[in-house]
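J.: Only the shape, not the letters, is given here:
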DNA sequence: AATTAAAGATTACAGCCGTAAATGGTGCAT
DNA sequence: ATGCACCATTTACGGCTGTAATCTTTAATT
């Protein structure tokens, strides 16, 4: 089952702080959203149901941990996007951003380094 | 308003064949989906409501055309993804795919060429 | 002119999503 | 042991999505 946008913000918190109580998550998300506490509880429960996170009781509260790894999540999400929009390959996406002048100097330097390394690896 | 996944498949058809009748769209999507005709009509109507496409009467039928440009659509979609998952920059995404060994030889060659060109441009 | 066929428009409906209120259970303080 | 806080669980609800059936309009055919 897919992680929704709102749910993914909760995942981000848990990827940062693992484990976390619901209060931790609420505190963190209050910085960036206007969500009420019950909203965040709902999202935690939906993530539990989807088995994206786990909870173990700790006294009267729960400690939540991510089960889904961030790496796997971003891999799935970006692969889906590439498949749908760029024939499943990375280069056309980079070309698109290049045409749109959306490559920063930093990007270009980093890409150059990456490509260089790849040549060594074989 | 956002274009949904199913709607985006209809857009793809119209980006290919512009203008197209609903029959054209149905014929094309029948190759790749199991959607019934009414389903596709619904999607066309939702896209009209969202002003992503336009329709002009042609006798007893309509000719549909995209209003939203594919370039703009993929730009919005991929920018959203990059913002959410890679700090808004391209290089980290490429790095991710590189680590996951998901760069094809073709990708690497193309990236190399792209980077080279960028160096010339300035 | 009346009927039929074809296309479009309207209605449907369950599931997910964003957002949250209301209710229920349990450990802590008295 | 009892009530109180606190945290979790359940319920809610409107909107969007995927999927489609049904109704309506209109052009073509007899």
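T.: Noted; the coordinates are in hand. All values derive from a computational prediction rather than experimental measurement.

J.: quick one: residue A:9 and chain B, what's the gap?
T.: According to C-beta to the nearest C-beta, to the nearest Å, residue A:9 and chain B sit 9 Å apart. (C-beta placed from N, C-alpha, C; glycine too.)

J.: That residue - how many residues pack around it?
T.: Applying other C-beta atoms under 10 Å in any protein chain shown, we find 19 residues neighbouring residue A:9.

J.: Look up the closest residue to it, ignoring the ones flanking it.
T.: residue A:29 (6.4 Å; C-beta to C-beta, 6 or more residues apart in numbering or on different chains).

J.: Mind telling me what element that neighbour is part of?
T.: helix A:22-32 (DSSP states H and E).

J.: Is DNA strand C within reach of that helix?
T.: No: using C-beta under 7 Å from any atom of the strand, helix A:22-32 never reaches DNA strand C; the gap is at least 10.0 Å.

J.: May I see the buried residues of that helix?
T.: Residues of helix A:22-32 classed as buried: A:22, A:24, A:25, A:26, A:28, A:29 (neighbour count, 16 or more other C-beta atoms under 10 Å in any protein chain shown).

J.: Just the closest of those residues to DNA strand C, please.
T.: Nearest to DNA strand C among the buried residues of helix A:22-32, counting by C-beta to the nearest atom of the strand, is residue A:29 at 10.0 Å.

J.: need the residues of chain A near DNA strand C, please.
T.: A:1-2, A:4-7, A:33-36, A:38-39, A:41-43, A:46, A:59-60.

J.: rerun that using 10 Å as the cut-off
T.: Residues of chain A found near DNA strand C, taking C-beta under 10 Å from any atom of the strand as the criterion, are A:1-10, A:33-47, A:49-50, A:57-61.
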